Structures are given as C-alpha cells and as structure tokens.
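Colleague: Requesting a structural model of the entry that follows:
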Amino acid sequence: MARVQHKKTRKKIPLSGPKLPKGPSRGIELLLIQDVDHLGKQGDVVDVRPGYAKNFLLPQGVATIATDHHKRMVEKHKARLNEIQKARMAGLRKLSEDLAQASVTIEANANDEGHLYGSVGPNEIVNALKKLEFTITTDQVRLTGPLKELGLYTVKIHLGHEIESDLKVWVVPSVANDDHPAEKPAEKK
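Modeller: You can find the predicted model right below:
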C-alpha cells in the first residue's frame, strides 16, 4: 500500500491589512470612542503603535480611524458639550450664592452645658436643606468632624468643579415634649 501524505495547509494571515493613516510620530492615528487609561479621553485623537491599534483598540471597538469627517463630528460634539458644561457651571454658581445666603436650624437633644447627646452629621444637614428645597447629597457636605455642641457652625458644601459654598448651621436645643414622664408634674389623686 502506498502512503499518501497530506500536506498541512495553514491559513495565511495577511501582515499588512488596509492601510491605516500614519500620525506625526509615524504611528497610527486613531480617534478614541471611549476613555482609555493612560492614553486619552473620549474624542481625543491619539497616535499609537500599529500593533496596539490593530490588536487591541480597533478590535475592541475602543477607537476608530481618525478621518476628517470623524474629527469634524467630534469637534461639533465637543462644542455642544462645552455649552452644556457652561450652563451647568452657571447653575452651580447660582446654587452656591443661594446656599451662602441661607441658613438651617437643626434641633438636637442637649444637656444643660450645651453638649449634644448625639451629634449632628451630614444626614441631618441634608434633611434640613431639603425642607428649604435645596437638593444636596451627603457626600457634598464637608464637615471637619461631627457637630457635638449647640451653636452656630459654618459648613462647607462642595458642589463640584472647584465650586464650594459656606452654609450657616444653627444647632439649637430641641423643644421639650410633654411626653416625657420626668418633666410632667405629679398628678394628684
């Protein structure tokens, strides 16, 4: 019997696919669709090595070829985002001014020396601001420590983008309720 030898055929992978545009430093010029750590943000035009472009950025859909059309579309999108950002910053500045004019009063249980039985924290400040129709989250309230005594405090409210406001917080003793048996006079029989 004659032996038949089968030739193993390998699929040839083309080493040079479609020509990709070269950047100024002889790399591949791509437009980022998503933020990539240590490379750039969405909409940036980056110059990367051919292997990084062909093996990771393009197959993962993280970047696309930087054509003139794509660059124009990104510029229009950035201009729109810039307008939105300016409007947001104006709103934050207005909110900062309103907070600086406002003050909140928080009632808390305290002893005769003015020390609170508990403490006043960001949650109580946010709840008091909600009553005044301000929408602030607890992580925006910057306290150096919990408020543990009666008095007037100035609290920083961080609104974002380097915008902060000072809020006056009054911590006052709570009004005595008639429900406490120790405070009720003894009933006569």
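Colleague: where along the chain do the strands fall?
Modeller: Taking DSSP state E as the criterion, the chain carries its strands at 28-32, 45-48, 63-65, 103-108, 115-120, 141-142, 147-149, 151-160, 163-173.
Colleague: Would you format those strands as a markdown table with mean neighbour count, distance to Lys94 and mean pLDDT included?
Modeller: No exception for glycine: its C-beta is placed from N, CA and C like everyone else's. Listed next are the strands of the chain as a markdown table, based on neighbours: other C-beta atoms under 10 Å; distance: least, C-beta to C-beta, whole Å; pLDDT from 0 to 100:
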| stretch | mean neighbour count | distance to Lys94 | mean pLDDT |
| --- | --- | --- | --- |
| strand 28-32 | 22 | 34 | 89 |
| strand 45-48 | 18 | 35 | 91 |
| strand 63-65 | 18 | 38 | 90 |
| strand 103-108 | 16 | 18 | 93 |
| strand 115-120 | 14 | 27 | 92 |
| strand 141-142 | 16 | 19 | 92 |
| strand 147-149 | 16 | 27 | 92 |
| strand 151-160 | 14 | 10 | 92 |
| strand 163-173 | 16 | 10 | 93 |
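Colleague: Next, the buried residues of whichever helix in the chain runs longest.
Modeller: Scanning the chain for the helix with the most residues, using DSSP state H, yields helix 68-101. By 16 or more other C-beta atoms under 10 Å, the buried positions in helix 68-101 come out as 70, 74, 92, 95-96, 99.
Colleague: got it, and stretch 54-61?
Modeller: For stretch 54-61, burial by neighbour count (16+ other C-beta under 10 Å) applies to 57-58.
Colleague: Start and end of it, how far apart?
Modeller: The straight-line separation of the ends of stretch 54-61 (C-alpha to C-alpha, to the nearest Å) is 11 Å.
Colleague: start the count at 42, not 1, going forward
Modeller: From this message on, residue numbering opens at 42, which makes the last subject stretch 95-102.
Colleague: right, and Gln75 touches Gln83 too?
Modeller: Yes - assessed by C-beta atoms under 8 Å, Gln75 is found in contact with Gln83 at 5.7 Å.
Colleague: Pull the distance from the longest helix of the chain to the chain's centre.
Modeller: Computed by C-alpha atoms, centre = their mean, to the nearest Å, the separation of helix 109-142 from the middle of its chain amounts to 15 Å.
Colleague: Just want the most central residue of this structure.
Modeller: Gly201 (8.1 Å; C-alpha atoms, centre = their mean).
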